[in-house]
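A.B. asks: Mind folding the following:
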Amino acid sequence: MVESGLTINDLINYVLNVMSTYDKDELRVTIQESMRCILCSLYGVSTNVNHEIKPVDGALGLIRALNDPDVRLGLGLLIELLRSMGKCLRAAEMTRSLGNGDCSLTIPCHYLAFNMANLNRNDINDLRVGK
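C.D. replies: As a prediction, this is how the structure comes out:
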């Protein structure tokens, strides 16, 4: 939910606060690898590279595109990103359903998202701020 009157400084402070909860080495590696992949991908679709962009027409065109190992690898990355986003969304939904609609946990949400199988609702309630 976006609050009215929210400023760019509020957003920056929120992002910095969340980032400060991450393990510094993990965060550094994650940002470095993400930026390398993003920049490489942007270069790959830029006008500096000679290639012809061909639209994928329908399901058969998609199946034909899957013959390309680079397409399969890129699709695998997208699926992993979607899986990770889904886990985070499920964790956020669970924490909101247990409280008053906000996330007031003492640990980063990524911990919940990727360790959910080992946690139950009582564990999550114990992680709330002020407990």
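A.B. asks: Longest helix in this structure, please.
C.D. replies: helix 69-98 (DSSP state H).
A.B. asks: could you say what helices and strands it packs with?
C.D. replies: If contacts are counted by 3 or more C-beta pairs under 8 Å, 6 or more residues apart in numbering; DSSP states H and E, helix 69-98 sits against helix 109-115, helix 121-126. Heads up, the C-betas are built off the backbone N, CA and C, glycines and all.
A.B. asks: Which of those has the lowest mean pLDDT?
C.D. replies: For the helices and strands packed on helix 69-98, mean pLDDT drops lowest on helix 121-126, to a mean of 59.
A.B. asks: Just give me the neighbour total for Arg21.
C.D. replies: One thing to correct before we go on: residue 21 is Thr, not Arg. Neighbour count for Thr21, taken as other C-beta atoms under 10 Å: 14.
A.B. asks: Just say helix, strand or coil for it.
C.D. replies: coil (DSSP: H, G, I helix; E, B strand; the rest coil).
A.B. asks: May I have the phi/psi pair for it?
C.D. replies: phi -90, psi -10 (degrees, to the nearest 10).
A.B. asks: Next, find the distance separating it from Asp10.
C.D. replies: 18 Å (C-beta to C-beta, to the nearest Å).
A.B. asks: ditto for Ala59
C.D. replies: Distance, Ala59 to Asp10, by C-beta to C-beta: 44 Å.
A.B. asks: Who has more neighbours out of those two?
C.D. replies: Taking neighbours as other C-beta under 10 Å, Ala59 and Asp10 compare with Asp10 leading, 11 against 8.
A.B. asks: which phi and psi does that one have?
C.D. replies: Backbone torsions of Asp10, given as degrees, to the nearest 10, read phi -60, psi -40.
A.B. asks: Tell me how far it lies from Arg83.
C.D. replies: 30 Å.
A.B. asks: for this structure, what are the low-confidence residue spans?
C.D. replies: 1-4, 47, 49, 95-96, 98-131 (pLDDT under 70).
A.B. asks: Quickly list the domain ranges of it.
C.D. replies: What automatic domain parsing lists as the domains of the chain is 1-49, 59-131.
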